[in-house]
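*Asks:* Sharing a model that was predicted from the sequence below.
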Number of protein chains: 2
Amino acid sequence: MENTQFRLAARPVGLPKDSDWQMTKEPVRELADGEVLVKTRYLSLDPAMRGWMNDAKSYIRPVGIGEVMRAGGLGEVVASRSPRFAVGDQLGGGFGVQQYWIGAADDRHAGLHKIDTRLAPPTTWLNTLGMPGMTAYFGLLEVGQPKAGETVVVSGAAGAVGQTVGQLAKQLGCRVIGIAGGKEKCDFVVDELGFDACIDYKGGDVRAGLKEHCPNGVDVYFDNVGGDILDLVLTRINLKARIVVCGAISQYNNTTAVKGPANYLSLLVNRARMEGMVVFDYADRYHVAVAALGKWLQEGKIKSREDVVQGIEKFPQALTMLFEGKNFGKLVLQVA
Amino acid sequence: MENTQFRLAARPVGLPKDSDWQMTKEPVRELADGEVLVKTRYLSLDPAMRGWMNDAKSYIRPVGIGEVMRAGGLGEVVASRSPRFAVGDQLGGGFGVQQYWIGAADDRHAGLHKIDTRLAPPTTWLNTLGMPGMTAYFGLLEVGQPKAGETVVVSGAAGAVGQTVGQLAKQLGCRVIGIAGGKEKCDFVVDELGFDACIDYKGGDVRAGLKEHCPNGVDVYFDNVGGDILDLVLTRINLKARIVVCGAISQYNNTTAVKGPANYLSLLVNRARMEGMVVFDYADRYHVAVAALGKWLQEGKIKSREDVVQGIEKFPQALTMLFEGKNFGKLVLQVA
């Protein structure tokens, strides 16, 4: 049995290119006692992966040159020498960009856990019920702390985290304004997800859009993009506003310095705060978020949208879709 | 009786220059019922005054062209038609840059209040027991929230706010590192005020200084300066660090855009926050801070240092001292 893998061949400068990856094939080895063999079905492609490719101190160790690229995913147990998991179990875990994962059933880094595909389809477990959903849930509730009637703005609104942030904020009784690229995404965000409005940063004027759609200012800004959009929102924040620094996809492939928010003194004028979050800090409460989000999903109160690319060999091209804003919804790579 | 005043003649571009001011003299008018006449003794010169000169939405209305420049100060009641204050009373209030202030004893904007010059000398009432001390007290305790054993870094360490921030943090059991311009200020901060160390941003390498003096990282950064120093501190912050955005004196006279903190994504990696504060929000608790700071001053546990410039006609030159880092301690203009 052969295992196709994508390994990091070089540290990218700017947008990752094909030569930054090496596709390898190796035979699947025998299982040792306590190990399981997982056949990867779906992999989650996320903006954060770009950061893991840099040799920089961060919240997680960089992927080493020659190592299989780190990725979360869903897979099926196809062989087991552990009492923990049986053949046929559907697992979530850090399987990496490869067709098969072998390791100890209790591997701390992989964090294997059974998922219930009756509650939601597999791709939703990589979206609303996976890391993006957990990020949205804890980032919005714990850091953003919106109150009913407040105005919440979220960038990357059609993306994995943004779609859940906005729908959660609607559930909480907030006015919700998305920012997304292109009319199609904006229509989806408003018509399907129920946001109050969505500003098209590609086709429109974000400054004017914020003015029009946030007549009472911005109380919570959930930032997935950084750059100029963060700077524009800073000019519209209210007293005691909260900015959740979740990501800065506009800056991840910079070959020059990150663009710092020139309008950050708006935090002073407005006694506002800007606070970072990393989803792993909330791991012991994921089950709470899964229960809440799962219920709302079943009741049809929130929706999830995934953009599924077929074939592990498409991994390099699929990943760059994120940075070009070409994915529509949570980007998922279907391996098998 | 003649009243010499400084009025805003033009909105400055960059550093305020002499032609941005108009010195006027007008006769002191008769008092109406309920009014008092205050002879200004000392005026507080503060970096925030630069912001009040811009025609921009902020936490306070800009000073209008032709208006007497806003300034807090101390003065003596020399005539009174109000039962509230008697001739000879020493008052604090928003008297503006002028020799005499006339107005209603209960004028809300002026905020007249008696001060007790037995507790501390007048200039201390513009420093540790005035706005700078209040800013230090509430900014550090309420926003910075340092705990014993944590490392607190403060920029503008020899300045009005910085000197009290650092001494307060020492009282709380923190390791305290100042950043100031020049050996003389740094020596003062360490030898007189008791900081653990002080980094000379003019003569030394701030990056290396932070590395040397903050071996366990930075838990609280009280920022008075912004710019490159903020960016350098961002690279050294700890998990859950707090950055108090109190000011950005390095950026106030920019003729180009403010330099945003390019390293702000360190907030994400470290789950840290950056939060603004404006002292006026704590007005109903100033008396608490005055009681605490006054006690520590009397016990010799904290010290205050003022830099007094003589003569109201020196106002324009004195103000620019702040932006050139030429003042040593809280800058005060002695009017009479």
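*Replies:* Nice, I can see it.
*Asks:* Just the strands from the stretch 201-336 of chain A, written as ranges.
*Replies:* Using DSSP state E, counting those that start in this stretch, the strands of the stretch 201-336 of chain A run over residues A:218-223, A:237-245, A:273-276, A:306-310, A:330-334.
*Asks:* so how far is the second one off the chain centroid?
*Replies:* Averaging C-alpha coordinates over strand A:237-245 and over its chain gives two centres that are 22 Å apart (Cα atoms, centre = their mean, to the nearest Å).
*Asks:* ok, now stretch A:193-202?
*Replies:* With Cα atoms, centre = their mean, you get 19 Å for stretch A:193-202.
*Asks:* quick one: average pLDDT of it?
*Replies:* With pLDDT averaged residue by residue, stretch A:193-202 scores 97.
*Asks:* Quick one: end-to-end length of it, please.
*Replies:* Start-to-end span of stretch A:193-202 (Cα to Cα, to the nearest Å) is 20 Å.
*Asks:* How about residues contacting that stretch?
*Replies:* By Cβ atoms under 8 Å, 6 or more residues apart in numbering or on different chains, the surrounding residues in contact with stretch A:193-202 are A:155, A:157, A:163, A:166-167, A:170, A:175-183, A:185-187, A:189-190, A:206, A:209-210, A:212-213, A:229, A:302-303, A:325. Every residue, glycine included, has its C-beta placed from N, CA and C.
*Asks:* my read: residue A:313 touches residue A:18, true?
*Replies:* No: using Cβ atoms under 8 Å as the test, residue A:313 is too far from residue A:18 to be in contact (11.3 Å).
*Asks:* what about the residue of chain A found nearest chain B, distance to residue B:175?
*Replies:* Among all residues of chain A, residue A:260 sits closest to chain B, at 3.1 Å; criterion: Cβ to the nearest Cβ. Distance of residue A:260 to residue B:175, given as Cβ to Cβ, to the nearest Å: 27 Å.
*Asks:* Kindly report the same for residue A:180.
*Replies:* Taken as Cβ to Cβ, the span from residue A:180 to residue B:175 is 46 Å.
*Asks:* Which one's more surrounded, these two?
*Replies:* residue A:180 (30 against 22; other Cβ atoms under 10 Å in any protein chain shown).
*Asks:* confidence score at that one?
*Replies:* At residue A:180, pLDDT is 97.
*Asks:* residues in contact with it?
*Replies:* A:155-159, A:162, A:186, A:189, A:198-201.
*Asks:* buried subset of the residues you listed?
*Replies:* Buried members of these, counted by 16 or more other Cβ atoms under 10 Å in any protein chain shown: A:155-159, A:162, A:186, A:189, A:198-201.
*Asks:* Just put those in TSV and tack on secondary structure and distance to residue B:141.
*Replies:* Output for the buried ones among the contacts of residue A:180, formatted as TSV (DSSP: H, G, I helix; E, B strand; the rest coil; distance: Cβ to Cβ, whole Å):
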residue	secondary structure	distance to residue B:141
A:155	strand	34
A:156	coil	36
A:157	coil	38
A:158	coil	42
A:159	coil	39
A:162	helix	36
A:186	helix	44
A:189	helix	42
A:198	strand	41
A:199	strand	39
A:200	strand	44
A:201	coil	40
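*Asks:* what are the ranges of the strands in the stretch 51-200 of chain A?
*Replies:* Using DSSP E, counting those that start in this stretch, strands in the stretch 51-200 of chain A cover A:73-80, A:90-93, A:100-104, A:113-114, A:151-155, A:175-180, A:197-200.
*Asks:* Write out the residues of the stretch 101-250 of chain A neighbouring chain B.
*Replies:* A:226, A:231, A:245-248 (Cβ under 8 Å from any Cβ of the partner chain).
*Asks:* biggest separation within those residues, which pair?
*Replies:* A:231 and A:246 (16.5 Å; Cβ to Cβ).
*Asks:* more neighbours, the two?
*Replies:* residue A:246 (30 against 20).
*Asks:* Look up how far residue A:210 lies from the more buried one.
*Replies:* On the measure of Cβ to Cβ, residue A:246 and residue A:210 end up 19 Å apart.
*Asks:* And for residue A:163?
*Replies:* 20 Å.
*Asks:* Mark out where each domain of chain A begins and ends.
*Replies:* If you go by automatic domain parsing, the domain ranges for chain A are A:2-127+A:305-334, A:131-280.
*Asks:* would TSV of these with distance to residue B:265 be doable?
*Replies:* Putting these into TSV (distance: least, Cβ to Cβ, whole Å) gives the following:
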stretch	distance to residue B:265
domain A:2-127+A:305-334	9
domain A:131-280	6
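*Asks:* closest one to residue B:114 among the ones you listed?
*Replies:* Using Cβ to Cβ, those put domain A:131-280 closest to residue B:114, at 28.8 Å.
*Asks:* Relative to the whole chain's centre, how far out is the closest one?
*Replies:* That offset, for domain A:131-280, works out to 14 Å (Cα atoms, centre = their mean).
*Asks:* how long is that domain end to end?
*Replies:* 9 Å.
*Asks:* Kindly report the same for stretch A:325-335.
*Replies:* 22 Å.
*Asks:* Could you do stretch A:188-196 as well?
*Replies:* Stretch A:188-196: ends 12 Å apart by Cα to Cα.
*Asks:* Give me the buried positions along that stretch.
*Replies:* Quick answer for stretch A:188-196 (16+ other Cβ under 10 Å): A:188-190, A:193, A:195-196.
*Asks:* do the same with stretch A:228-244
*Replies:* Of the residues in stretch A:228-244, those buried (16+ other Cβ under 10 Å) are A:229-234, A:236-238, A:241-244.
*Asks:* Closest one to residue B:218 out of these, please.
*Replies:* For the buried residues of stretch A:228-244, the residue nearest residue B:218 by Cβ to Cβ is residue A:243; the value is 20.7 Å.
*Asks:* before we move on, back to that, figure out which of the domains of chain A is closest to residue B:308.
*Replies:* domain A:131-280 (27.9 Å).
*Asks:* picking that back up, identify whichever of the strands of the stretch 201-336 of chain A lies nearest to residue A:286.
*Replies:* strand A:330-334 (16.9 Å).
*Asks:* which residues touch the closest one?
*Replies:* A:41-46, A:97, A:123, A:126-127, A:132, A:159-160, A:163, A:304-312, A:314-315, A:318, A:321-322.
*Asks:* residues making contact with stretch A:291-308?
*Replies:* Residues from elsewhere that reach stretch A:291-308 (Cβ under 8 Å, 6+ apart): A:42, A:119-120, A:123-124, A:126-129, A:133, A:137, A:158, A:163-164, A:167-168, A:171, A:188, A:192-193, A:321, A:327-334.
*Asks:* and those, which are buried?
*Replies:* Of those, these count as buried by 16+ other Cβ under 10 Å: A:42, A:120, A:123-124, A:126-129, A:133, A:137, A:158, A:163-164, A:167-168, A:188, A:193, A:321, A:327-334.
*Asks:* Surely residue A:38 touches residue A:101?
*Replies:* Yes: if you go by Cβ under 8 Å, residue A:38 and residue A:101 touch, sitting 4.5 Å apart.
*Asks:* neighbour-wise, which of those two wins?
*Replies:* Comparing residue A:38 with residue A:101 by other Cβ under 10 Å, the one with more neighbours is residue A:38, at 28 against 24.
*Asks:* Okay, now the sheet partners of the one helix or strand the more buried one maps to, with direction.
*Replies:* Using DSSP states H and E, residue A:38 falls within strand A:35-44. The strands beside strand A:35-44 in its sheet (DSSP bridges) come out as strand A:73-80 (antiparallel), strand A:100-104 (antiparallel), strand A:330-334 (antiparallel).
*Asks:* As CSV, those strands with mean pLDDT would be great.
*Replies:* CSV is the format used below for the strands paired with strand A:35-44 (pLDDT from 0 to 100):
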stretch, mean pLDDT
strand A:73-80, 97
strand A:100-104, 97
strand A:330-334, 97
